[in-house]
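Q: build the 3D model from these lines:
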Amino acid sequence: MTARGGDHPPDHEAATGPLVKLTPDCSPKHLEEPCVYNRSTDELYIINSEALTFLEKCGRGAMAPDSDEDRAFVDFCLEEGVLETADELAPRALHLRQSPVPSLRYLLLHITDRCNLKCRHCFLGEGGSRELSLPEVVAIADQFETMQGLRLLISGGEPLLHRSFWEVNDYLRRKDLRVVLLTNGTLIDEETARRLSAQEVQISLDGMREAHDHLRGWGSFERSVAAIRHLTAAGVEVSVATMIHRRNLDNFDMLEELVRDLGAREWSIDLPSAVGRLADNTELLVDPRSAGPFLRRSYGGAIHEPLAGFACGAHLMAVMADGNVARCGFYADEAIGSIEEGPEACWQKIAKTPLSELECNCQFVEECRGGCRFRAHGYNKLNGADLCQCYRYGVLK
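A: From the prediction side, this is the model:
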């Protein structure tokens with residue numbers, strides 16, 4: 001976003017231009033740099049401190065400045081959907097403060113470990129009946145919002161099985177966060193799709209029918225595809241996540257065509273590690289040399305410009321259904337704290353890995369950010385290379 005220059009009037013009575021306000025989906029954030037975030041489009045605009053001050057005032061209602069330079073900034077904001085004209089002041093509560101550095105931008109919230117499927121590759125292993133209470137979810141979301149968070153990823157188990165899911169759903173629609181629901185999709189019918197408040201729903205498709213159903217259970221493919229169609233009809237953006245396994249290697253041409261035809265905004269492809277149930281189904285494992293090239297088919301990258309010089313995980317934390325907090329879901333057995341301490345205290349305890357500490361020294365390291373640290377640890381050691389990414393980028397042949 002073009003940085004705002006020049007002085008601006010201190011309040012709406014000092015200007016002659018139209019009254020403008022922030023659109024409901026946009027909010028100023030102060031991460032490592034001042035910015036404004038559109039949770040509907042998932043766009044993050046970097047701005048300067050003057051622009052941040054002006055947009056903060058727009059949270060209370062403000063007159064558009066009169067100078068040509070300032071008018072150009074306002075016109076840009078109107079065109080981008082950051083600002084909209086208003087007939088009267090429209091006060092709005094903002095949660096603007098300097099974030100921790102590195103900033104916690106993405107919080108993976110496992111609200112329950114209950115699930116209706118028994119997927120052969122689930123890294124969480126056997127589910128149970130543990131879940132976060134509604135007050136705990138509310139408190140975590142509130143604190144994440146004040147930390148200048150961007151995306152709240154609601155996961156499980158199967159999150160729709162949480163006993164208070166619809167109360168959680170209704171509460172989160174009021175947050176200045178992009179809510180992304182991670183689900184297997186089998187419980188989403190037309191009515192459910194219409195009721196969801198999430199800006200995005202990520203559905204797992206792990207191959208075409210035979211490959212997907214072998215992993216997740218008979219009939220799950222048809223229900224997941226139907227869920228995507230219900231969500232699209234309800235105006236909800238959909239992304240697709242695919243795990244590479246032995247049964248879907250010859251599916252990817254057909255699967256890519258399906259994913260694009262379904263209108264997915266993003267296709268995330270990954271290689272699972274041999275933990276959880278996959279440790280008991282090792283015949284499904286694919287070696288990194290075979291899997292790496294499939295990662296190139298992913299599209300719609302989900303990561304905003306990260307803080308330079310840090311490996312994967314510099315902006316992510318996970319809260320598990322038992323209340324433990326970990327650097328990501330794969331490290332659930334290595335909790336660094338609990339929700340009683342609060343997200344910010346836990347975030348400060350997570351060591352962020354500088355790229356300079358990795359035993360990676362290729363031209364793609366800033367782009368791949370060392371790949372998945374958990375997977376790298378499984379291949380050799382924590383600061384070693386994620387071989388899957390090495391084969392993706394052609395560093396290894």
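Q: what about the stretch 201-350 of the chain, any weak spots by pLDDT?
A: Residue ranges of the stretch 201-350 of the chain with pLDDT under 70: 302.
Q: now do 50
A: Scanning the stretch 201-350 of the chain for pLDDT under 50 picks out nothing.
Q: what mean pLDDT would you report for stretch 83-91?
A: Here stretch 83-91 scores 82 as its mean pLDDT.
Q: any idea how far it is from the chain center?
A: From the chain centre to the centre of stretch 83-91 is a distance of 30 Å (C-alpha atoms, centre = their mean, to the nearest Å).
Q: ok, and what's touching it?
A: With C-beta atoms under 8 Å, 6 or more residues apart in numbering as the test, stretch 83-91 has contacts from 12, 18-23, 26, 55, 58-61, 74, 77-78. To be clear about C-beta, it is placed using only N, CA and C from the backbone, and glycine gets the same treatment.
Q: among these, list the two that are farthest apart in space.
A: 12 and 26 (18.8 Å; C-beta to C-beta).
Q: what about residue 360, distance to residue 348?
A: Applying C-beta to C-beta, to the nearest Å, the value for residue 360 to residue 348 is 26 Å.
Q: distance of the closest residue to residue 313 other than its chain neighbours from residue 336?
A: Nearest residue to residue 313 in three dimensions, chain neighbours excluded: residue 327, at 5.6 Å (C-beta to C-beta, 6 or more residues apart in numbering). As defined by C-beta to C-beta, residue 327 lies at a distance of 7 Å from residue 336.
Q: tell me the contacts of the residue sitting nearest the centre point of the chain?
A: Among the residues of the chain, residue 151 comes closest to the average C-alpha position under C-alpha atoms, centre = their mean, at 4.7 Å. Shown in contact with residue 151 (C-beta under 8 Å, 6+ apart): 42, 105-107, 177-180.
Q: can you list the domains in the chain?
A: With domains defined by automatic domain parsing, the chain comprises 12-85, 106-351, 353-397.
Q: quick one: end-to-end distance for the last one.
A: Looking back up the chat, that one is domain 353-397. Taking C-alpha to C-alpha, to the nearest Å, the first and last residues of domain 353-397 lie 27 Å apart.
Q: what about the nearest residue in space to residue 266 that is not next to it in sequence, neighbour count?
A: Residue nearest to residue 266 in three dimensions, not counting chain neighbours: residue 300, with 3.2 Å by C-beta to C-beta, 6+ apart. Burial measure for residue 300: 12 neighbouring residues, criterion other C-beta atoms under 10 Å.
Q: from residue 101, how far off is residue 55?
A: Separation of residue 55 from residue 101 (C-beta to C-beta): 21 Å.
Q: the two - which one has more neighbours?
A: More neighbours surround residue 55 than the other of residue 55 and residue 101, with 30 against 9 (other C-beta under 10 Å).
Q: so where's the stretch 1-150 of the chain uncertain?
A: 1-15.
Q: redo that, cut-off 70
A: Counting by pLDDT under 70, the stretch 1-150 of the chain contains low-confidence ranges at 1-17, 66.
Q: at which residues are the helices of it located?
A: 49-58, 68-80, 134-146 (DSSP state H, counting those that start in this stretch).
Q: in the shortest one, what's buried?
A: Neighbour-count burial for helix 49-58 flags 50-58 (criterion: 16 or more other C-beta atoms under 10 Å).
Q: of those, closest to residue 264?
A: Proximity of those to residue 264 (C-beta to C-beta) peaks at residue 55, which lies at 31.6 Å.
Q: and the pLDDT at residue 369?
A: At residue 369, pLDDT is 87.
Q: ok so, going back, tell me the one of the contacts of stretch 83-91 nearest residue 142?
A: Nearest to residue 142 among those, with distances taken as C-beta to C-beta, is residue 59, at 17.8 Å.
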